[in-house]
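Trainee: Model the following, please.
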Amino acid sequence: MRDKPFFGHPWLLCVANITLMTLIDRTAYPKFKQFPDAKELAELYTPIPEEIKLAKSKTKSHEGFFSFIVMLKSFQRLGYFPHPELVPIAVIKHLRSCLKLLSWVKAIPSERQRYTYQDTIRLYLGVKQYDQSAQKIIAILVAQQAEVKDHPADLINAAIEELVKQRYELPAFSTLDRLICHIRAMVNNRLFIRVSSSLTVTEILYLDQLVKGDADSDLATLNLIKSPPKSAKLNAMKELLAKYDSLI
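Mentor: Modelled structure (predicted):
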């Protein structure tokens, strides 16, 4: 989250965050379930002896040990490291219970500890940090996919699948979204140029007229092409089909 308001207006930052969250919900980008049930907690967040042994060997305090385990189980669930304060309370309570730690033991590591623990966890799980190589892999894949897919969510899902396949840590969703939107825009622009360069002057003038036409007229305007039937009745459908026939 930025410290300064987005474009100088706090409400625009709120709108941007809502839009981003809406897009996340349409993708396969992993997120915490805020209220996991007992079965999910037991299956996904219960540390095994090997993990506990690793955590104890890499930490020097109760807080460090607890923080390490929370980071490890969170990464195993999501494929990236969430901010410690975003881990659901239910997960924290479950892990504290499994490890038999008192309530005063917190799971908020220092910045230095976070970086150290992240490196250890990646090494333990055999996962590579997201870097320029991963970005290049995604850029090539999305450029190919964007030739046949246009919805951003579909392209994001393809990128996520490839990163998981290549054993890469997932970047922040905003990072993924910006990269894919940029590539998608370049591919679409290339397609537009390819199509427009194949049109004759007459065809270009005709298409321009579709855009500039009077929306209230019966002429074949862009608004007509996009318009649905006035109603679900047969006569309305026939009327719309007749207008489409006039385009031929």
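
Trainee: got the residue ranges for the helices in the protein?
Mentor: For the chain, the helices defined by DSSP state H cover 10-25, 38-45, 49-58, 62-78, 89-99, 111-125, 132-145, 152-165, 173-197, 201-212, 222-226, 234-245.

Trainee: In CSV, list those helices along with mean neighbour count.
Mentor: The way it works is simple: take the backbone N, C-alpha and C, and place the C-beta from them, glycine included. Output for the helices of the chain, formatted as CSV (neighbours: other C-beta atoms under 10 Å):
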stretch, mean neighbour count
helix 10-25, 12
helix 38-45, 14
helix 49-58, 14
helix 62-78, 21
helix 89-99, 16
helix 111-125, 15
helix 132-145, 16
helix 152-165, 18
helix 173-197, 14
helix 201-212, 11
helix 222-226, 13
helix 234-245, 11
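
Trainee: Can you say which of the ones you listed is nearest to Val105?
Mentor: helix 62-78 (4.7 Å; C-beta to C-beta).

Trainee: So which other helices or strands are in contact with the closest one?
Mentor: helix 38-45, helix 49-58, helix 89-99, helix 111-125 (3 or more C-beta pairs under 8 Å, 6 or more residues apart in numbering; DSSP states H and E).

Trainee: Show me what the shortest one is in contact with.
Mentor: By that I understand helix 38-45. Residues outside helix 38-45 that contact it (C-beta atoms under 8 Å, 6 or more residues apart in numbering): 33, 36, 73, 76-77, 90-91, 94-95.

Trainee: Greatest separation within those: which pair is it?
Mentor: Longest span within the contacts of helix 38-45, C-beta to C-beta: Gln76 and Ala90, 16.3 Å.

Trainee: picking that back up, wait, which of the contacts of helix 38-45 is closest to Leu170?
Mentor: For the contacts of helix 38-45, the residue nearest Leu170 by C-beta to C-beta is Arg77; the value is 11.7 Å.

Trainee: so what's the closest one up against?
Mentor: So Arg77 contacts 30, 32, 44-45 (C-beta under 8 Å, 6+ apart).

Trainee: what would those look like in JSON lines with pLDDT?
Mentor: Output for the contacts of Arg77, formatted as JSON lines (pLDDT from 0 to 100):
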{"residue": "Pro30", "pLDDT": "94"}
{"residue": "Phe32", "pLDDT": "94"}
{"residue": "Leu44", "pLDDT": "95"}
{"residue": "Tyr45", "pLDDT": "97"}
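
Trainee: Kindly indicate which of those residues lies nearest Leu240.
Mentor: Looking across those and measuring by C-beta to C-beta, the closest to Leu240 is Pro30, at 43.8 Å.

Trainee: related to what we said a few turns ago, may I see the contacts of helix 38-45 organised as JSON lines, with pLDDT and distance to Val142 added?
Mentor: JSON lines is the format used below for these (pLDDT from 0 to 100; distance: C-beta to C-beta, whole Å):
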{"residue": "Lys33", "pLDDT": "91", "distance to Val142": "28"}
{"residue": "Pro36", "pLDDT": "93", "distance to Val142": "32"}
{"residue": "Lys73", "pLDDT": "97", "distance to Val142": "30"}
{"residue": "Gln76", "pLDDT": "97", "distance to Val142": "26"}
{"residue": "Arg77", "pLDDT": "96", "distance to Val142": "25"}
{"residue": "Ala90", "pLDDT": "96", "distance to Val142": "35"}
{"residue": "Val91", "pLDDT": "96", "distance to Val142": "32"}
{"residue": "His94", "pLDDT": "97", "distance to Val142": "37"}
{"residue": "Leu95", "pLDDT": "97", "distance to Val142": "36"}
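
Trainee: For burial, what's the neighbour tally of Ala107?
Mentor: 22 (other C-beta atoms under 10 Å).

Trainee: For the remainder of this discussion, apply numbering that starts at 17.
Mentor: Understood, numbering begins at 17; the last thing we discussed is Ala123.

Trainee: gap between it and His99?
Mentor: From Ala123 across to His99, the span is 11 Å (C-beta to C-beta, to the nearest Å).
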